[in-house]
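>>> 3D model of this:
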Amino acid sequence: MSSGARPGELGAFLRARRAGLSPRTVGLPDTGRRRVTGLRREEVAELAEISTAQYTRLEQGRIRPSAPVLDALARVLHLDDEQRAHMFDLAGQAADSGRPVRRPAQQARPRLLRVLHDLNRSPAMILGRRMDILAWNSLAAALITEFSEIPEKDRNFLRLLFTDPAMRELYADWEGIARAGVAQLCSEAARDPDDARLLALVGQLSVRDPDFRTWWATRHGAVHGAGVHRLHHPIVGELTLDWDTLVPATGADQRLVVWSAESGTQAHDKLLILASWGRTSRE
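Just a heads-up that it's a prediction; the model follows:
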(Lines give C-alpha, C1' and ligand atoms only; values in the text may rest on other atoms or scores of the structure.)
Protein backbone atom coordinates (compact mmCIF):
# COMPACT_ATOMS: atom_id res chain seq x y z
CA MET A 1 0.00 0.00 0.00
CA SER A 2 1.13 3.58 -0.64
CA SER A 3 1.63 5.86 2.33
CA GLY A 4 -1.60 7.71 1.59
CA ALA A 5 -3.79 4.62 1.31
CA ARG A 6 -6.40 3.88 3.97
CA PRO A 7 -7.59 0.36 3.14
CA GLY A 8 -9.88 0.01 6.15
CA GLU A 9 -11.70 3.25 5.32
CA LEU A 10 -11.89 2.26 1.65
CA GLY A 11 -13.55 -1.02 2.60
CA ALA A 12 -16.06 0.78 4.82
CA PHE A 13 -16.79 3.24 2.02
CA LEU A 14 -17.43 0.44 -0.49
CA ARG A 15 -19.70 -1.40 1.93
CA ALA A 16 -21.71 1.74 2.64
CA ARG A 17 -22.17 2.54 -1.06
CA ARG A 18 -23.11 -1.06 -1.85
CA ALA A 19 -25.72 -1.05 0.91
CA GLY A 20 -27.20 2.22 -0.35
CA LEU A 21 -28.00 0.99 -3.87
CA SER A 22 -30.98 -1.08 -4.93
CA PRO A 23 -30.72 -3.72 -7.66
CA ARG A 24 -33.12 -1.70 -9.80
CA THR A 25 -30.77 1.31 -9.67
CA VAL A 26 -28.02 -0.66 -11.43
CA GLY A 27 -30.34 -2.44 -13.86
CA LEU A 28 -30.76 -5.73 -11.99
CA PRO A 29 -34.14 -7.36 -11.31
CA ASP A 30 -35.38 -6.69 -7.78
CA THR A 31 -37.05 -10.03 -7.15
CA GLY A 32 -37.07 -12.48 -4.31
CA ARG A 33 -36.09 -12.07 -0.68
CA ARG A 34 -32.65 -10.55 -0.15
CA ARG A 35 -30.53 -11.33 2.91
CA VAL A 36 -28.46 -8.15 2.60
CA THR A 37 -29.36 -4.48 2.32
CA GLY A 38 -28.56 -3.11 -1.10
CA LEU A 39 -26.39 -5.01 -3.57
CA ARG A 40 -24.60 -8.29 -2.96
CA ARG A 41 -20.82 -8.46 -3.24
CA GLU A 42 -21.03 -10.80 -6.20
CA GLU A 43 -23.37 -8.40 -8.01
CA VAL A 44 -20.94 -5.51 -7.63
CA ALA A 45 -18.06 -7.73 -8.72
CA GLU A 46 -19.90 -8.96 -11.82
CA LEU A 47 -20.91 -5.44 -12.89
CA ALA A 48 -17.34 -4.20 -12.35
CA GLU A 49 -15.98 -7.22 -14.26
CA ILE A 50 -13.75 -8.43 -11.43
CA SER A 51 -13.90 -11.62 -9.38
CA THR A 52 -16.00 -11.84 -6.24
CA ALA A 53 -12.89 -12.88 -4.31
CA GLN A 54 -11.03 -9.78 -5.47
CA TYR A 55 -13.89 -7.50 -4.52
CA THR A 56 -14.25 -9.22 -1.14
CA ARG A 57 -10.56 -8.60 -0.41
CA LEU A 58 -11.05 -4.94 -1.36
CA GLU A 59 -13.83 -4.56 1.19
CA GLN A 60 -11.66 -6.34 3.76
CA GLY A 61 -8.78 -3.94 3.06
CA ARG A 62 -6.41 -6.74 2.06
CA ILE A 63 -5.40 -5.61 -1.46
CA ARG A 64 -4.73 -2.35 -3.26
CA PRO A 65 -7.05 -1.69 -6.24
CA SER A 66 -5.73 -0.42 -9.56
CA ALA A 67 -7.02 2.79 -11.16
CA PRO A 68 -9.08 0.87 -13.80
CA VAL A 69 -10.75 -1.19 -11.06
CA LEU A 70 -11.57 2.00 -9.13
CA ASP A 71 -13.02 3.54 -12.30
CA ALA A 72 -15.21 0.48 -12.79
CA LEU A 73 -16.40 0.59 -9.17
CA ALA A 74 -17.16 4.32 -9.48
CA ARG A 75 -19.41 3.51 -12.44
CA VAL A 76 -21.14 0.54 -10.79
CA LEU A 77 -21.68 2.31 -7.45
CA HIS A 78 -23.00 5.47 -9.17
CA LEU A 79 -20.43 7.77 -7.56
CA ASP A 80 -20.51 11.46 -8.31
CA ASP A 81 -17.26 13.33 -8.96
CA GLU A 82 -16.61 14.15 -5.31
CA GLN A 83 -17.31 10.60 -4.15
CA ARG A 84 -15.08 9.20 -6.90
CA ALA A 85 -12.21 11.49 -5.88
CA HIS A 86 -12.71 10.47 -2.24
CA MET A 87 -12.57 6.77 -3.13
CA PHE A 88 -9.34 7.26 -5.10
CA ASP A 89 -7.89 9.17 -2.15
CA LEU A 90 -8.74 6.33 0.24
CA ALA A 91 -7.03 3.91 -2.15
CA GLY A 92 -3.89 6.07 -2.31
CA GLN A 93 -4.41 6.62 -6.04
CA ALA A 94 -4.43 9.80 -8.12
CA ALA A 95 -7.97 10.38 -9.34
CA ASP A 96 -6.77 12.00 -12.59
CA SER A 97 -4.50 10.27 -15.06
CA GLY A 98 -3.68 13.44 -17.03
CA ARG A 99 -5.64 12.18 -20.04
CA PRO A 100 -9.24 13.05 -20.96
CA VAL A 101 -11.66 10.51 -19.51
CA ARG A 102 -14.89 9.62 -21.28
CA ARG A 103 -17.54 9.17 -18.61
CA PRO A 104 -20.46 6.80 -19.24
CA ALA A 105 -23.70 8.46 -20.23
CA GLN A 106 -25.75 9.46 -17.20
CA GLN A 107 -29.25 8.23 -16.47
CA ALA A 108 -31.65 10.23 -14.34
CA ARG A 109 -31.96 8.83 -10.82
CA PRO A 110 -35.29 7.07 -10.19
CA ARG A 111 -36.22 9.23 -7.17
CA LEU A 112 -35.60 12.44 -9.11
CA LEU A 113 -37.66 11.07 -11.99
CA ARG A 114 -40.52 10.32 -9.62
CA VAL A 115 -40.51 13.91 -8.31
CA LEU A 116 -40.22 15.27 -11.84
CA HIS A 117 -43.25 13.41 -13.14
CA ASP A 118 -45.32 14.37 -10.10
CA LEU A 119 -44.91 18.06 -10.97
CA ASN A 120 -48.01 18.82 -13.04
CA ARG A 121 -48.14 22.61 -12.83
CA SER A 122 -44.45 23.48 -12.75
CA PRO A 123 -41.99 23.11 -15.63
CA ALA A 124 -39.03 21.04 -14.48
CA MET A 125 -36.07 19.13 -15.84
CA ILE A 126 -33.16 17.07 -14.52
CA LEU A 127 -29.68 18.29 -15.41
CA GLY A 128 -26.63 16.07 -15.12
CA ARG A 129 -22.92 16.63 -15.57
CA ARG A 130 -21.99 19.37 -18.05
CA MET A 131 -25.61 20.59 -17.87
CA ASP A 132 -26.76 17.60 -19.94
CA ILE A 133 -30.57 17.38 -20.04
CA LEU A 134 -31.38 13.92 -18.65
CA ALA A 135 -35.17 14.20 -18.28
CA TRP A 136 -37.99 16.73 -18.35
CA ASN A 137 -41.73 16.97 -17.88
CA SER A 138 -44.22 17.97 -20.55
CA LEU A 139 -44.62 21.51 -19.23
CA ALA A 140 -40.85 22.11 -19.49
CA ALA A 141 -41.03 21.03 -23.13
CA ALA A 142 -43.92 23.43 -23.73
CA LEU A 143 -42.09 26.28 -21.98
CA ILE A 144 -38.60 25.87 -23.44
CA THR A 145 -38.42 23.51 -26.42
CA GLU A 146 -39.43 20.01 -27.49
CA PHE A 147 -36.38 18.23 -26.09
CA SER A 148 -37.38 14.88 -27.58
CA GLU A 149 -36.75 16.26 -31.07
CA ILE A 150 -33.11 17.06 -30.20
CA PRO A 151 -30.56 14.24 -30.71
CA GLU A 152 -29.52 12.87 -27.33
CA LYS A 153 -25.84 13.73 -27.91
CA ASP A 154 -26.82 17.41 -28.38
CA ARG A 155 -29.31 17.55 -25.52
CA ASN A 156 -27.33 19.95 -23.37
CA PHE A 157 -28.77 23.13 -21.85
CA LEU A 158 -25.67 25.26 -22.37
CA ARG A 159 -25.33 24.08 -25.96
CA LEU A 160 -28.95 25.09 -26.62
CA LEU A 161 -28.38 28.52 -25.06
CA PHE A 162 -25.54 29.25 -27.47
CA THR A 163 -26.67 27.46 -30.63
CA ASP A 164 -30.48 27.75 -30.76
CA PRO A 165 -31.67 31.23 -31.85
CA ALA A 166 -35.06 30.56 -30.24
CA MET A 167 -33.38 30.41 -26.83
CA ARG A 168 -32.02 33.92 -27.29
CA GLU A 169 -35.55 35.10 -28.06
CA LEU A 170 -37.06 33.19 -25.15
CA TYR A 171 -34.91 34.63 -22.34
CA ALA A 172 -35.13 38.39 -21.78
CA ASP A 173 -31.79 38.30 -19.97
CA TRP A 174 -30.13 35.79 -22.26
CA GLU A 175 -26.63 37.11 -21.55
CA GLY A 176 -27.02 36.81 -17.79
CA ILE A 177 -28.29 33.24 -18.07
CA ALA A 178 -25.60 32.29 -20.58
CA ARG A 179 -22.85 33.75 -18.36
CA ALA A 180 -24.22 31.80 -15.38
CA GLY A 181 -24.19 28.64 -17.48
CA VAL A 182 -20.55 29.21 -18.43
CA ALA A 183 -19.72 29.74 -14.75
CA GLN A 184 -21.43 26.44 -13.90
CA LEU A 185 -19.43 24.64 -16.58
CA CYS A 186 -16.20 26.26 -15.32
CA SER A 187 -17.00 24.94 -11.85
CA GLU A 188 -17.48 21.42 -13.20
CA ALA A 189 -14.27 21.65 -15.24
CA ALA A 190 -12.35 22.59 -12.09
CA ARG A 191 -13.64 19.47 -10.34
CA ASP A 192 -13.04 17.15 -13.30
CA PRO A 193 -10.52 18.69 -15.74
CA ASP A 194 -10.09 15.45 -17.70
CA ASP A 195 -13.75 14.90 -18.66
CA ALA A 196 -13.54 14.27 -22.41
CA ARG A 197 -17.18 15.17 -23.07
CA LEU A 198 -16.83 18.46 -21.23
CA LEU A 199 -13.63 19.30 -23.13
CA ALA A 200 -15.36 18.50 -26.43
CA LEU A 201 -18.32 20.73 -25.52
CA VAL A 202 -16.02 23.62 -24.62
CA GLY A 203 -14.12 23.20 -27.88
CA GLN A 204 -17.26 23.15 -30.02
CA LEU A 205 -18.84 26.18 -28.35
CA SER A 206 -15.55 28.12 -28.44
CA VAL A 207 -15.40 27.67 -32.20
CA ARG A 208 -19.04 28.53 -32.80
CA ASP A 209 -19.62 31.46 -30.46
CA PRO A 210 -17.27 34.39 -29.69
CA ASP A 211 -19.19 35.27 -26.50
CA PHE A 212 -18.66 31.79 -25.10
CA ARG A 213 -14.99 31.92 -26.08
CA THR A 214 -14.54 35.26 -24.25
CA TRP A 215 -16.48 34.30 -21.13
CA TRP A 216 -14.77 30.92 -20.88
CA ALA A 217 -11.35 32.57 -21.13
CA THR A 218 -12.10 35.11 -18.37
CA ARG A 219 -13.94 32.55 -16.18
CA HIS A 220 -15.71 35.24 -14.23
CA GLY A 221 -19.20 34.73 -12.91
CA ALA A 222 -21.16 33.31 -10.02
CA VAL A 223 -22.99 30.00 -9.91
CA HIS A 224 -26.58 30.51 -8.77
CA GLY A 225 -29.04 27.98 -7.39
CA ALA A 226 -32.19 30.13 -7.60
CA GLY A 227 -33.49 33.32 -9.16
CA VAL A 228 -36.07 34.85 -11.46
CA HIS A 229 -36.40 34.37 -15.22
CA ARG A 230 -38.33 36.72 -17.49
CA LEU A 231 -39.37 35.03 -20.70
CA HIS A 232 -40.87 36.04 -24.05
CA HIS A 233 -42.88 32.95 -24.96
CA PRO A 234 -44.30 32.63 -28.49
CA ILE A 235 -47.62 31.20 -27.20
CA VAL A 236 -48.41 32.96 -23.91
CA GLY A 237 -46.29 36.08 -24.26
CA GLU A 238 -44.29 37.57 -21.42
CA LEU A 239 -44.16 35.82 -18.07
CA THR A 240 -41.88 36.01 -15.05
CA LEU A 241 -41.11 32.79 -13.21
CA ASP A 242 -39.15 31.90 -10.10
CA TRP A 243 -36.65 29.10 -10.57
CA ASP A 244 -34.96 26.87 -8.02
CA THR A 245 -32.32 24.17 -8.21
CA LEU A 246 -32.83 21.15 -5.97
CA VAL A 247 -29.77 18.95 -5.37
CA PRO A 248 -30.43 15.51 -3.82
CA ALA A 249 -28.32 14.37 -0.89
CA THR A 250 -27.40 11.24 -2.85
CA GLY A 251 -25.09 13.19 -5.16
CA ALA A 252 -24.42 16.60 -6.63
CA ASP A 253 -23.93 15.36 -10.21
CA GLN A 254 -27.68 15.61 -10.88
CA ARG A 255 -30.08 18.40 -10.00
CA LEU A 256 -33.74 19.17 -10.50
CA VAL A 257 -34.48 22.63 -11.92
CA VAL A 258 -38.04 23.85 -11.32
CA TRP A 259 -39.82 26.97 -12.59
CA SER A 260 -42.86 28.14 -10.64
CA ALA A 261 -45.25 31.03 -10.13
CA GLU A 262 -47.40 31.99 -7.17
CA SER A 263 -51.01 30.84 -7.43
CA GLY A 264 -53.37 33.55 -8.63
CA THR A 265 -50.72 35.52 -10.51
CA GLN A 266 -50.81 36.17 -14.23
CA ALA A 267 -47.72 34.03 -14.69
CA HIS A 268 -49.41 31.10 -12.93
CA ASP A 269 -52.45 31.43 -15.18
CA LYS A 270 -50.19 31.45 -18.24
CA LEU A 271 -48.52 28.25 -17.08
CA LEU A 272 -51.96 26.62 -16.94
CA ILE A 273 -52.68 27.85 -20.47
CA LEU A 274 -49.31 26.52 -21.60
CA ALA A 275 -50.01 23.14 -20.04
CA SER A 276 -53.32 22.95 -21.90
CA TRP A 277 -51.66 24.00 -25.15
CA GLY A 278 -48.98 21.36 -24.66
CA ARG A 279 -51.57 18.62 -24.16
CA THR A 280 -53.45 19.71 -27.30
CA SER A 281 -50.25 19.79 -29.33
CA ARG A 282 -49.31 16.26 -28.26
CA GLU A 283 -52.79 14.97 -29.07
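>>> can you tell me how far P7 sits from R62?
7 Å (CB to CB, to the nearest Å). Using the backbone N, CA and C atoms, a C-beta is placed for each residue, glycine as well.
>>> nope, L160 is what I was after
Relative to R62, and taking CB to CB, L160 is found at 49 Å.
>>> Mind checking which of these two has more residues around it?
More neighbours surround L160 than the other of L160 and R62, with 20 against 11 (other CB atoms under 10 Å).
>>> Return the residues in contact with the closest residue in space to A141 that isn't next to it in sequence.
Once flanking residues are discounted, A141 sits nearest to F147: 5.7 Å by CB to CB, 6 or more residues apart in numbering. By CB atoms under 8 Å, 6 or more residues apart in numbering, the contact set of F147 is 125, 133, 136, 140-141, 155.
>>> The strand or helix carrying L272: how far from the chain's middle?
Using DSSP states H and E, L272 sits within helix 266-282. Put simply, helix 266-282 sits 27 Å off its chain's centre (CA atoms, centre = their mean, to the nearest Å).
>>> and that helix, which residues are buried?
267-268, 270-271, 274-275, 278 (16 or more other CB atoms under 10 Å).
>>> Out of the residues you listed, the closest to R197 would be?
G278 (30.4 Å; CB to CB).
>>> In three-state terms, label R230 for me.
strand (DSSP: H, G, I helix; E, B strand; the rest coil).
>>> for the stretch 1-150 of the chain, which spans come out with low pLDDT?
For the stretch 1-150 of the chain, the stretches with pLDDT under 70 are 1-4, 27-34, 95-104.
>>> For the stretch 151-283 of the chain, which segments are assigned as strands?
Along the stretch 151-283 of the chain, the segments classed as strands by DSSP state E, counting those that start in this stretch run 226-233, 237-246, 255-260.
>>> Pick the most deeply packed of the ones you listed.
Each of these was scored by mean neighbour count; the highest is strand 255-260, a mean of 20, by mean count of other CB atoms under 10 Å.
>>> and that strand, which strands flank it?
strand 124-127 (antiparallel), strand 237-246 (antiparallel) (DSSP bridges).
>>> Cool, thanks, talk later.
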